[in-house]
Structures are given as C-alpha cells and as structure tokens.
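Asker: Would you be able to build a 3D model of this:
(one chain, ligands or ions: 1)
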Amino acid sequence: MNTYDVVVIGAGVVGSSVAYHLSKLGAKSVLVLDRATIGAGTTAQSSGILRTHYSVKENVELAHKSWSVFNDFAAYLGDDEASCGLVKCGYMIVAAEGDKLEPLRASLDQQKAQGIPLEILDTAQARERMPIARFDDAALIGYEPEAGFADAYLTATSFARAARRGGVTIRENVSVNQLLMENGKVVGVSTSIGDFAAGTVISTQNIWTPELAGWTSKTLPVAPERHAVLALECAEAPYTFAMPVFKDLASEGMLYYRSYGGNQMLVSEGVVGEKLSVADPEQGDIPMDYVVDVGTQVAQRFPAYETAGIASSWTGVYDVTPDWNPVLGALPGIEGLVVGYGFSGHGFKLSPTVGKVLAQAALGLPTDVSLEPYSIERFATGALLTGKYGLGAVS
Ligand SMILES: Cc1cc2nc3c(=O)[nH]c(=O)nc-3n(C[C@H](O)[C@H](O)[C@H](O)COP(=O)(O)OP(=O)(O)OC[C@H]3O[C@@H](n4cnc5c(N)ncnc54)[C@H](O)[C@@H]3O)c2cc1C
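Answerer: Prediction:
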C-alpha cells in the first residue's frame, strides 16, 4: 500500500487550493484524488464573482485576504503564466427603502471598520459607473473598487499546476469509496484503484460530503440546491468589462449581475434554489416561467434589456448548510480528519484563504484566521453564523 502524509479528497477550486498550500507549507508527500477531473465539479459552474461584501464579519476577512491573492495571482503562485482571469471592475450593491436597507448600511459600516476600501455613491455617480441601469428607487448604493470577477475553473487548474510543481501528486478519475480508520484515527482511504495509507485526510467534497457522513457516521448538515444562470444579450446596452458587478437587493430575486463579455450580461438569483434529493451536478431544466420572471426583474433595473435575447444558460449546484456558511477545520472525534465544505454558493471568492487555513489546520500549524466560528459544532450549539440580513442566501 502506498503511503502519503496527507490525502485530499476532491480537486475543485478548494481542494486544489488546499493542495497548493500544503506544498507551500512544506508538506512532504501529498496525494489529491478526484473521481472526475480537476475543477470539473461545481467549480466549473461558478459565476466567478469576487467581492468582500458580506454581513458576516468573518467572511469579510476570508474574502479580503483572498482578494489580495486573486489580485496578484501569478506572483502568489510564483508562475508568470498563471492566471485566474481577473477582471477588476468593482462591485456595486443597491438597496431601496425597505427591509434590506439597514442591513446593507450596517454591513457597509462593518466592512469599512475592517479596512475595506468602500464608497457610498449618489445616483449620479452610480449612473456614471453603470450607465445602463436605472437608480430612481435606490436608497443606498455601496461601491467596492477592489472587486470584480474571475474564472473559477482557470483558478482551480492553476492552483493544481502549482501544487504539482511543488511535488503534489494529483490523480483524476479515482473515486474514494471509504475512509480507513483505526481507534478513532484516520489511517488512509480506500479507492477505486486500491488503498492508500495516510495519517491525515482533508475532505473538500462539496455536494458529495454526505458520502463522508456515511463513512464516519457523523452528522454533516448540507443540502444540494440547484441554481440557474442566464447570459442575456443586448446590443443597444452592452454590459462591458468596465461596468461593475451589480447586486440588486431591491429586486424580488435579489439578482446579481456581471459582464459576460461581448454584449452579454450574466444574471442569476440570490435566493433559495431548487432543492435536490441527491447530489447531482448534471444540467437541470430552466423553465420558461423562470426566464420570464427573471427577465422581467432584469428589465426593471436595465430597461434596454426588455428586448434582450438569451445567449446561453446553465445550472449549477450549491452545497448549502443551515446558515449558508461553510464548515472549516477538524471534525471532532476523528483524529486526522479536516473538512472544508458547505460554501453555499459563495466559495470561489474565499478559496485562496480557505485552502491555506485548511492546509495549516491539517499540518497542526496556527491558522491565519480563527476556524472556531466555522466549526461543525455550531449546528449543535446554535452559535450559527448569522449575518445582518438574517439567515439565508445573503451572507
Ligand atoms: C451556479 C453557481 C454560481 C456560483 N457563483 C459564485 C460566485 O459568483 N462567487 C463565488 O465566490 N462562488 C460562487 N459559487 C460557489 C463556488 O463556485 C463553489 O463554492 C466552489 O467552486 C466549490 O469548490 P469545491 O472545490 O468546494 O467543490 P467542487 O468544485 O464541486 O469540487 C469537489 C470535488 O470533489 C470531488 N469528489 C467528491 N467526492 C469524491 C469522492 N468520493 N472521490 C473522489 N472525488 C470526489 C468531485 O468530483 C469534485 O471535483 C457558485 C456556485 C454555483 C453552482
């Protein structure tokens, strides 16, 4: 049986980041296993938005530290050719009068207190940055210049390439079928190509985390939820790369938007999606009623898009926890097991720092941020990570 110091299950953007950071922190023999290929899980379905706007202050810190990595990605990986596809266009968030207004104000104040560069815009300033939108209902407009979007698949494959350069072995098309344990301690994994011995295992299995729950007989709350993403085309009002990512708290679906290049706008909902009974990342149906409903909301904010066409669409699956925030760190009661899952639709922007702190936790090093708030135990103690908007899709 081959022996490794650390085995990582999953080579999405989180597992790949973990692998890179393990090598950077000096781990000697690391094996990453994925039953598919690098980044081909839910990472490939991501909208790629990067911002630090959160109402949970711990998330602001994770996102802030991660932004500095995205913003200087090639240097961080020590590879001139590495790219995360960053488009640094900023992030604008709008609330109208109503129940989202004070939570937005409080979140922006908190971000400022945490040292995030932020501006409050009046409608004329907002229109300058976003000439295709209307702002007559806007009661508060926040703008984060150090934000934008990037390519999650490219990021995952770049982390993986850097990890391989650092000596990590990554094996694709290998399924982990069981966690091997002795006396409450991890001793390896059983896979489709045989067993591997390891004293430490890191699971970054995302929507497939229920498999780990089965192997360990632990309760690991997470539910798969499907979301649709639309790319709309409008030649009269192109959403250019110079225009910010846009979050519309005033819309019924709390829609988020970004440029999709050319004349295209990417749009999706920021509310609860379609609950699935099993983890299935395959493409789902996007009903015409859904398209009409989202299209109507888009046209309310971007009037020229009333006549927009659909250029493309896809679905992706979130790994949703009860408080819409991830579980990070050791799993109590099992020595040698570290988990990172439950990103609930916002894990890409956190992936650089999450990968680093999971690697630190696995190697027994101090972590850059405290993992205590993200502990699995919060679901039993009730110390949930509740943001200023309350529990739900806006963390
Ligand atoms: C539609 C959509 C839009 C999103 N938009 C954004 C956004 O704008 N900004 C943002 O920050 N985040 C966004 N996210 C979330 C973000 O993309 C995810 O949180 C992130 O990509 C998850 O990465 P991961 O590595 O945890 O999971 P995955 O990429 O799903 O990787 C998990 C891997 O584990 C492997 N695996 C699982 N079980 C096993 C096993 N037993 N054996 C071997 N391999 C196994 C799988 O094959 C898979 O490759 C979005 C997500 C979706 C679906």
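
Asker: rest of the way, CA atoms for contacts and neighbours
Answerer: Will do.

Asker: and the host helix or strand of Thr3, how far from the chain's centre?
Answerer: Taking DSSP states H and E as the criterion, the element that holds Thr3 is strand 2-9. The chain centre lies 25 Å from the centre of strand 2-9; the measure is C-alpha atoms, centre = their mean, to the nearest Å.

Asker: Which neighbours in the sheet does it have, and how are they oriented?
Answerer: Its sheet considered, strand 2-9 pairs with strand 30-33 (parallel), strand 194-203 (parallel) by DSSP bridges.

Asker: The helix or strand bottoming out on mean pLDDT in the chain near the ligand anywhere?
Answerer: Every helix and strand of the chain was ranked by mean pLDDT, DSSP states H and E. The lowest is strand 274-275, at a mean of 94. No: residues of strand 274-275 are not located near the ligand by C-alpha under 6 Å from any ligand atom, the shortest gap being 11.7 Å.

Asker: how close does Val60 sit to Gly295?
Answerer: The gap separating Val60 from Gly295 is 31 Å, by C-alpha to C-alpha, to the nearest Å.

Asker: okay, and for the stretch 251-395 of the chain, where does confidence drop off?
Answerer: Regions of the stretch 251-395 of the chain meeting the criterion pLDDT under 70 are absent.

Asker: Would you mind naming what in it lies close to the ligand?
Answerer: 315-318, 341, 343, 345-349.

Asker: If we use 8 Å, what do you get?
Answerer: Applying C-alpha under 8 Å from any ligand atom, one finds that the stretch 251-395 of the chain approaches the ligand through 268, 314-319, 340-351.

Asker: Only whichever of those are buried, select them in ChimeraX.
Answerer: Command for ChimeraX that selects the buried part of these, burial taken from 16 or more other C-alpha atoms under 10 Å:
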select :268,315,316,317,318,319,340,341,342,343,344,345,346,347,348,349,350,351
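
Asker: The residue nearest to Glu335 when sequence neighbours are not counted: how many residues sit nearby?
Answerer: Spatial nearest neighbour of Glu335, excluding adjacent residues (C-alpha to C-alpha, 6 or more residues apart in numbering): Lys185 at 4.6 Å. If you count neighbours by other C-alpha atoms under 10 Å, Lys185 ends up with 15.

Asker: could you measure Lys185 against the ligand, distance?
Answerer: 19 Å (C-alpha to the nearest ligand atom, to the nearest Å).

Asker: Can you verify my assumption that that residue contacts Leu331?
Answerer: No: taking contacts as C-alpha atoms under 8 Å, Lys185 lies outside contact range of Leu331: 11.1 Å.

Asker: Which parts of this structure are helices?
Answerer: For the chain, the helices defined by DSSP state H cover 13-24, 57-70, 73-77, 101-113, 123-129, 152-165, 209-216, 288-301, 351-362, 378-381.

Asker: can you pull the buried residues of the shortest one?
Answerer: Which is helix 378-381. Within helix 378-381, the residues scored as buried using 16+ other C-alpha under 10 Å are Phe379.

Asker: what's it in contact with?
Answerer: By C-alpha atoms under 8 Å, 6 or more residues apart in numbering, the surrounding residues in contact with helix 378-381 are 322, 384.

Asker: Just the CA trace of it, in PDB.
Answerer: In PDB, the C-alpha atoms belonging to helix 378-381 read as follows (Å, rounded to 0.1, in the frame of the first residue of the first chain):
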ATOM      1  CA  ARG A 378     -22.100  25.500  15.800                       C
ATOM      2  CA  PHE A 379     -25.100  23.500  14.400                       C
ATOM      3  CA  ALA A 380     -25.400  21.700  17.700                       C
ATOM      4  CA  THR A 381     -24.700  24.700  20.000                       C
END
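
Asker: count of neighbours near Arg127?
Answerer: Arg127: 14 neighbours (other C-alpha under 10 Å).

Asker: so who does it touch?
Answerer: Counted by C-alpha under 8 Å, 6+ apart, Arg127 has contacts 133-135.

Asker: one more time with 7 Å
Answerer: Contact analysis of Arg127 by C-alpha atoms under 7 Å, 6 or more residues apart in numbering lists Ala133.

Asker: With Ser23 instead?
Answerer: By C-alpha under 7 Å, 6+ apart, Ser23 lies in contact with 163, 166-168.
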